[in-house]
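1. Model the following, please.
(4 chains)
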There are 2 protein chains.
Amino acid sequence: MKEKRQTIQKGLVWDAVTHATNHPNAEQIYESIVEKHPSISRATVYRNLNSLVEEGKVTRVRVLGGPDHFDRTLGNHYHIQCVDCKRVDDLELYKNFNLSDQMIDSKGYLLESYEIVFNGICPECQKIRAAKKQ
Amino acid sequence: MKEKRQTIQKGLVWDAVTHATNHPNAEQIYESIVEKHPSISRATVYRNLNSLVEEGKVTRVRVLGGPDHFDRTLGNHYHIQCVDCKRVDDLELYKNFNLSDQMIDSKGYLLESYEIVFNGICPECQKIRAAKKQ
DNA sequence: TTCCTAATTGATATAAAATCTCAATAGCTA
DNA sequence: TAGCTATTGAGATTTTATATCAATTAGGAA
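-> Numbering: from 1, shown residues only, chains lettered A, B, ... in the order given. This is a model prediction of the structure:
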């Protein structure tokens, strides 16, 4: 297995994710670091975000039609994105929340919509996977 | 209001969406049209898909981390994407489907995961909207 | 402490998805 | 049929992210 090295840049990315008040995207993380460390490269920020996600220390929050956001890994919870400014925050669902509810309020957000994105393996690709296994 | 014109290209895009067996993305729609009409432009395909979505004739199916797919508008239903080949199909949920179920089977898909993407308006943007209204 | 080597970095090119620009074309209405 | 303007085609641009590759550096070995 590949040796993992601790670098200054990786530490800076980790600090930027954990010290952010909301859940920043890669560009926002890059901008917050580059202020004090102008020589850091955007590619390094992306690479380190990917490593931290792989290591399970950071969670990638995907949104529809926009850049990924990042969050320090902290148990299972939902996120909500503002349709206007695109910021992402934690969403605390009420105990009895039901997906048919028209509106909920969490941290002052006004819920506009939600989409459920399902991912699976289609019949064709199940066959391909089965064939590869033997 | 702007005058809407019926063009040959718009008809071709409509035909490509309605005659597809699964739910193609813009590139796949472009490729299916360009075979017989080599002069059509990719930009025209994207523009007409957007018009058809605006007119409510076509539904945009967003997926996480991939291009949008398109579906002739036909009532409310879910979609599922294959994690391997990225094809998108209709998902017929069982009557008593519960999001905590580990696995369901619909059209032979093996459900791997789902994500709920919430969208709303954050407190700051609610204020901005309120200010703009008066 | 110094050396060695592979992991990592920075700079830049590239990719993928989608939109924008603008001159040329072609629907629609009169 | 003429004329206005919506729409098109071609290519540039934008956005998000990854790939390439020479230069640098972390960290174990000597």
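2. is any part of the top strand by length along chain A close to DNA strand C?
-> Counting by DSSP state E, the longest strand found in chain A is strand A:109-121. No: figure legend: strand A:109-121 not in contact with DNA strand C (Cβ under 7 Å from any atom of the strand); closest approach 14.1 Å. All C-beta atoms are positioned from the backbone trio N, CA, C, and that covers glycine.
3. Each with direction, which strands does that strand pair with?
-> Note on strand A:109-121: by DSSP bridges, its sheet partners are strand A:105-106 (antiparallel), strand B:78-82 (parallel), strand B:109-121 (antiparallel).
4. Next SSE downstream of the last one?
-> If I follow you right, that is strand B:109-121. As assigned by DSSP states H and E, the chain's next helix or strand after strand B:109-121 is helix B:123-133.
5. Put the alpha carbons of that following helix into CSV.
-> The C-alpha coordinates for helix B:123-133 follow below in CSV (Å, rounded to 0.1, in the frame of the first residue of the first chain):
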residue,chain,number,x,y,z
PRO,B,123,-32.4,33.3,6.4
GLU,B,124,-30.2,35.9,4.7
CYS,B,125,-31.7,35.4,1.3
GLN,B,126,-35.2,35.5,2.7
LYS,B,127,-34.4,39.0,3.9
ILE,B,128,-33.0,39.9,0.5
ARG,B,129,-36.1,38.6,-1.3
ALA,B,130,-38.3,40.5,1.2
ALA,B,131,-36.4,43.7,0.6
LYS,B,132,-36.7,43.4,-3.2
LYS,B,133,-40.4,42.8,-3.1
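6. Residues contacting that helix, please?
-> With Cβ atoms under 8 Å, 6 or more residues apart in numbering or on different chains as the test, helix B:123-133 has contacts from A:82-85, A:107-110, B:121.
7. neighbour-wise, which of the residues you listed leads?
-> In terms of neighbours by other Cβ atoms under 10 Å in any protein chain shown, those top out with A:Tyr109 at 23 neighbours.
8. pretty sure that residue is touching A:Cys82, no?
-> Yes: under the criterion of Cβ atoms under 8 Å, A:Tyr109 makes contact with A:Cys82 at 7.4 Å.
9. Residues in contact with both of these two, list them for me.
-> A:89, B:120-122.
10. Is the helix or strand encompassing A:Phe70 in proximity to chain B?
-> Assigned by DSSP H and E, A:Phe70 falls within strand A:69-72. No: shown here: strand A:69-72 not in contact with chain B (Cβ under 8 Å from any Cβ of the partner chain), separated by at least 11.6 Å.
11. try stretch A:25-34
-> No: counting by Cβ under 8 Å from any Cβ, chain B is not contacted by stretch A:25-34; separation bottoms out at 13.3 Å.
12. Just name the closest of the contacts of helix B:123-133 to B:Asn48, please.
-> A:Val83 (24.9 Å; Cβ to Cβ).
13. who touches the closest one in this structure?
-> By Cβ under 8 Å, 6+ apart, the neighbours of A:Val83 are A:112, B:119-121, B:125.
14. most neighbours, which of these?
-> With neighbours taken as other Cβ under 10 Å, the top of the contacts of A:Val83 is B:Gly120, carrying 25 neighbours.
15. who does the helix or strand containing A:Asp89 touch, helix- and strand-wise?
-> Using DSSP H and E, the element containing A:Asp89 is strand A:88-91. When contacts are defined as 3 or more Cβ pairs under 8 Å, 6 or more residues apart in numbering or on different chains; DSSP states H and E, strand A:88-91 packs onto strand A:69-72, strand A:78-82.
16. Give me the mean pLDDT for the first one.
-> Confidence over strand A:69-72 (mean pLDDT, whole number) is 96.
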